[in-house]
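Enquirer: My questions concern the predicted model and sequence given below.
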Amino acid sequence: MVVSCDCINIVVRENPCPCGYYPTRKCRCTDYEIVKFRNRISGPILDRIDIQKHVEPVDLFDEKAVPAPSSRELKEHVERARNIQKKRFEHVPGVTCNASMSSSMIDEFCVLDPDTRTLLKKACDKFGYSARVIHKLLRLARTSADLVGSKNIRPEDISYVLHLRDLDKSSGTLGLM
């Protein structure tokens, strides 16, 4: 567990299948075994996990890999976003980051323009998101906008956070990660 400021972040990892090698050639699991394995975690528990991202194995010998930003650059980027959030919530007792926003605060600080709202609504209709998940998406989208210094949540922010919910898209299906 990693604790930062007043927000608690918990990292949960799960293998993609019983043997842990799906989708590589090493995997010998049947489709039935993989679907059964993925359905072990209930929907309400998955709803409580903000970011659900499938991560491909890293090829350490890939010469075409895009260089990642340095830790220093990432730290500066995150600190700028955190400062935006601290300023936003300076008059709200006990709240210093987007993750701590209440439902009424989400209504105040996560206003969407019509195009952005339509994009979120389409995703909600397609995946049947609960109110809890919608609020998580809005908090994450507010953070995404803060990371790029945007005053408003943009369609790109909603698209970005929707891509952080791979398990919603692959639930009960194979090869759609």
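Expert: On my side now, so go ahead.
Enquirer: residue closest to the middle of this protein?
Expert: Central residue of the chain (C-alpha atoms, centre = their mean): residue 51, 3.0 Å from the mean position.
Enquirer: what's the distance between that one and residue 76?
Expert: 22 Å (C-beta to C-beta, to the nearest Å). C-beta coordinates here come from the backbone N, C-alpha and C atoms, glycine included.
Enquirer: can you check residue 140 too?
Expert: For residue 140, the distance to residue 76 - C-beta to C-beta - is 20 Å.
Enquirer: Between those two, which is the more surrounded one?
Expert: residue 140 (23 against 12; other C-beta atoms under 10 Å).
Enquirer: Am I right that the more buried one is in a helix?
Expert: Yes. Counting by DSSP: H, G, I helix; E, B strand; the rest coil, one finds residue 140 located in a helix.
Enquirer: tell me which helix or strand of this protein sits lowest on mean pLDDT?
Expert: Within the chain, no helix or strand scores below strand 2-4, which has a mean of 41 by mean pLDDT, DSSP states H and E.
Enquirer: Looking at the strand or helix carrying residue 105 now, give me its mean pLDDT.
Expert: If you go by DSSP states H and E, residue 105 is part of helix 103-109. The pLDDT scores in helix 103-109 average 95.
Enquirer: Check which helices and strands the helix or strand following it is in contact with.
Expert: Next along the chain after helix 103-109, taking DSSP H and E as the criterion, comes helix 114-127. Counting by 3 or more C-beta pairs under 8 Å, 6 or more residues apart in numbering; DSSP states H and E, the packing neighbours recorded for helix 114-127 are helix 131-147, helix 155-162.
Enquirer: Go again with 10 Å.
Expert: Under the contact definition 3 or more C-beta pairs under 10 Å, 6 or more residues apart in numbering; DSSP states H and E, helix 114-127 sits against helix 131-147, helix 155-162, helix 166-170.
Enquirer: since we're on the nearest residue to the residue nearest to the centre of the chain once chain neighbours are set aside, how many residues are nearby?
Expert: Spatial nearest neighbour of residue 51, excluding adjacent residues (C-beta to C-beta, 6 or more residues apart in numbering): residue 164 at 4.6 Å. Per other C-beta under 10 Å, the neighbour tally for residue 164 reads 16.
Enquirer: Residue 47 and residue 57, how far apart?
Expert: To residue 57, residue 47 is 28 Å away according to C-beta to C-beta.
Enquirer: Looking at those two now, which is surrounded by more residues?
Expert: A direct count of neighbours by other C-beta under 10 Å for residue 47 and residue 57 places residue 47 higher, at 16 against 9.
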